[in-house]
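Visitor: A predicted structure for the sequence below; I have some questions about it.
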Amino acid sequence: MNIKEELIRKIDSRTLKMGVCGLGYVGLPLAVDKAKHGFPTIGFDVQKTKVDMVNAGVNYIGDVVDADLSQLVSTGMLWATSDFGFVREVDFIAICVPTPLDKHQQPDIRYVRDSVQAIAGNLRRGMIVVLESTTYPGTTEELVKPLLEEGSGLKCGEDFYLGFSPERVDPGNLIYKTSNTPKVVGAVGEDATEVIARVYRAILDGEVHTVSSPAVAEMEKILENTYRNVNIGLVNELAMLCHKMGIDIWEVIDAAKTKPYGFQAFYPGPGLGGHCIPLDPYYLSWKAREYGFHTSMIESSMMINDRMPEYTVERAGKILNRSQKALNGSRVLLLGAAYKQDIDDYRESPALRVMEEFQRSGAKTAYFDPYVPRCRYKGQWYESLPALTLPALRTYDLVVVTTGHTCVDYETVAASGVPVFDCKNAMKAVAHRENIEVL
């Protein structure tokens, strides 16, 4: 029986042993879905805290159901380790590690490289390796494939299968989770594509769409998030223009989205956050320079979005000026540290950059976020106010809404009488708006 036939037999009989490298927002939900569908799963992570929490059945990811994790661990269907020697025991391993930018805004793929090297030393014939981390087109075939072959002495396509299947995780989305979101698969060779797609069809409820190569799948993921980056850049620029013209950009968008075709609503804000949208365009523009190509439209939108925290503070300074106060020495309260509403994820959150800009201007900052009691930014820990009360609010010179959490009592915020700069239009339902200015 050849490799393809043996893997198909294992997939169909639910005897394929699964592995997930990286137990964060992408990896843990994927590991849980694999185990829930009857595949014994091992999670790999270099952070001992995560490993210990998984093995104790303690959940730390919002999109995972606590009871699911606890049951899967207690029945032995899922467990975690920091020992990559156990890679030898799995047939399929998905790499779900961070792909941040370095201080020069260039791709930092060390986590991918380190994970691949650790896997390569334990790779055996008949295994499947799939990269899920968002990265530049070419990573799978130009970086991952040579590292696996050199580290294992095996040949891709003959001894093991390799593919790319981009993660699609939207923290806090009440409709689409890992299990029911359509999946894209691109692999090295037709057999690998067929087998990897079969694996995902066995563990996910969403459609699995195959493409001709890993590079197509990598570019597809970049397109998804660059599309959003460009459109958010457009609406952020229009927000700045509308402010100068005395036009409400939020009313403009509400009117435009009544059109049933040809328009999708995007909204302005104090900047971009999360694990993909602020980063992916940099990966593409960096790779494009290898071909002597400049992604001018993309780079323009990145410049606009990157400037929004600074623009937010500039506008805030003008609001304070109307109260005869300067930024330097003013007390500013930020409402929200998470990068989007109603979640606890503050990766790349624009709120933290806004806070940094205020501090550079001499303002004294604090934040309130019911989802993020503590956060770490540039090596320093910050703690949220324990509660949002009128006495607490009235100790500040300005309140800035940086995240539109729906559980915040915005009526109380307005009733404080403190000037409010609402960057998310979160207070649109508040009737008395004398002290509210919207981005």
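Guide: Structure's in. What do you need?
Visitor: sec struct for the nearest residue to Ser74 once chain neighbours are set aside, please.
Guide: When the adjacent residues along the chain are set aside, Ser74 lies closest to Gly57, with 6.3 Å between them (C-beta to C-beta, 6 or more residues apart in numbering). All C-beta atoms are positioned from the backbone trio N, CA, C, and that covers glycine. With DSSP: H, G, I helix; E, B strand; the rest coil as the basis, Gly57 sits in coil.
Visitor: didn't Gly57 look like it was pressed against Val65?
Guide: No - checked against C-beta atoms under 8 Å, the pair Gly57 and Val65 is beyond contact range at 11.8 Å.
Visitor: returning to that earlier point: the residue nearest to Ser74 and Lys177: what is the separation?
Guide: With distances defined as C-beta to C-beta, to the nearest Å, the gap from Gly57 to Lys177 amounts to 20 Å.
Visitor: The two: who's more crowded?
Guide: Shown here are Gly57 and Lys177; by other C-beta atoms under 10 Å, Lys177 has more neighbours (19 against 16).
Visitor: That one is in what secondary structure piece?
Guide: Here Lys177, judged by DSSP states H and E, is contained in no helix and no strand.
Visitor: where does it land on pLDDT?
Guide: Per-residue confidence for Lys177 comes out at a pLDDT of 84.
Visitor: sorry, back to before: let me see the contact set for the residue nearest to Ser74.
Guide: Going by C-beta atoms under 8 Å, 6 or more residues apart in numbering, Gly57 touches 69-70, 73-74.
Visitor: Scan those residues and report the most crowded one.
Guide: Ranked by the number of neighbours (other C-beta under 10 Å), the contacts of Gly57 place Leu69 first, at 25 neighbours.
Visitor: List the contacts of the closest residue to that residue other than its chain neighbours.
Guide: For Leu69, ignoring the flanking residues on the chain, the nearest one in space by C-beta to C-beta, 6+ apart is Asn59 at 4.8 Å. Residues counted as contacts of Asn59 (C-beta under 8 Å, 6+ apart) are 53, 65-66, 69-70.
Visitor: tell me which residues of stretch 109-129 are tucked away?
Guide: For stretch 109-129, a neighbour-count test (16 or more other C-beta atoms under 10 Å) marks 109, 111-112, 115-116, 118-120, 122-123, 126-129 as buried.
Visitor: ah, wrong one, I meant stretch 233-252
Guide: Buried residues in stretch 233-252, counted by 16+ other C-beta under 10 Å: 233-240, 242-243, 249-250.
Visitor: Residues touching it, excluding its own?
Guide: Outside stretch 233-252, the residues that reach it (C-beta under 8 Å, 6+ apart) are 253, 266-269, 300-305, 308, 311, 315, 425, 428, 438-439.
Visitor: now stretch 102-117
Guide: Around stretch 102-117, the neighbours that count as contacts under C-beta under 8 Å, 6+ apart are 21-22, 95, 97-101, 129, 131, 133, 135-136, 139, 143-144, 147-148, 151, 282-283, 286.
Visitor: Go again with 7 Å.
Guide: When contacts are defined by C-beta atoms under 7 Å, 6 or more residues apart in numbering, stretch 102-117 is touched by residues 21, 95, 97-101, 131, 133, 135-136, 139, 143-144, 147-148, 151, 282-283, 286.
Visitor: related to what we said a few turns ago, between the contacts of Gly57, which is nearest Ala202?
Guide: Leu69 (20.1 Å; C-beta to C-beta).
Visitor: The closest one touches Val32, doesn't it?
Guide: Yes - shown here, Leu69 and Val32 form a contact pair, counting by C-beta atoms under 7 Å, at 6.0 Å.
Visitor: Who's the closest spatial neighbour of Glu207, skipping the chain neighbours?
Guide: Of all residues not flanking Glu207 in the chain, Pro182 sits nearest, at 4.4 Å (C-beta to C-beta, 6+ apart).
Visitor: Go ahead and confirm that neighbour touches Thr210.
Guide: No - counting by C-beta under 7 Å, no contact exists between Pro182 and Thr210, whose distance comes to 11.6 Å.
Visitor: Neighbour count for those two, which is higher?
Guide: Thr210 (19 against 12).
Visitor: contacting residues for the more buried one?
Guide: The neighbours of Thr210, taking C-beta under 7 Å, 6+ apart as the test, are 185, 193, 197.
Visitor: Toward the C-terminus, what is the element adjacent to the host helix or strand of the second one?
Guide: Applying DSSP H and E as the criterion places Thr193 in helix 190-203. Once helix 190-203 ends, the next helix or strand along the chain (criterion: DSSP H and E) is strand 208-210.
Visitor: coming back round to it: show the average pLDDT along the helix holding Thr193.
Guide: In this model, helix 190-203 carries a mean pLDDT of 96.
Visitor: what residues does it touch?
Guide: Applying C-beta under 7 Å, 6+ apart, the set of residues contacting helix 190-203 from outside is 4, 7-8, 11, 33-34, 37, 39, 92, 128, 130, 157, 161-163, 165, 183, 185, 187, 208, 210.
Visitor: same thing with stretch 173-181?
Guide: 29-30, 33, 63, 168-170, 204-206.
Visitor: In three-state terms, label the closest residue in space to Lys378 that isn't next to it in sequence for me.
Guide: On the basis of C-beta to C-beta, 6+ apart, the spatially nearest residue to Lys378 that is not a chain neighbour turns out to be Glu356, at 7.5 Å. Going by three-state DSSP, the secondary structure assigned to Glu356 is helix.
Visitor: Between the two ends of stretch 148-156, what distance do you get?
Guide: Here the two ends of stretch 148-156 are set 8 Å apart, with distance taken as C-alpha to C-alpha, to the nearest Å.
Visitor: Good, we can wrap up now.
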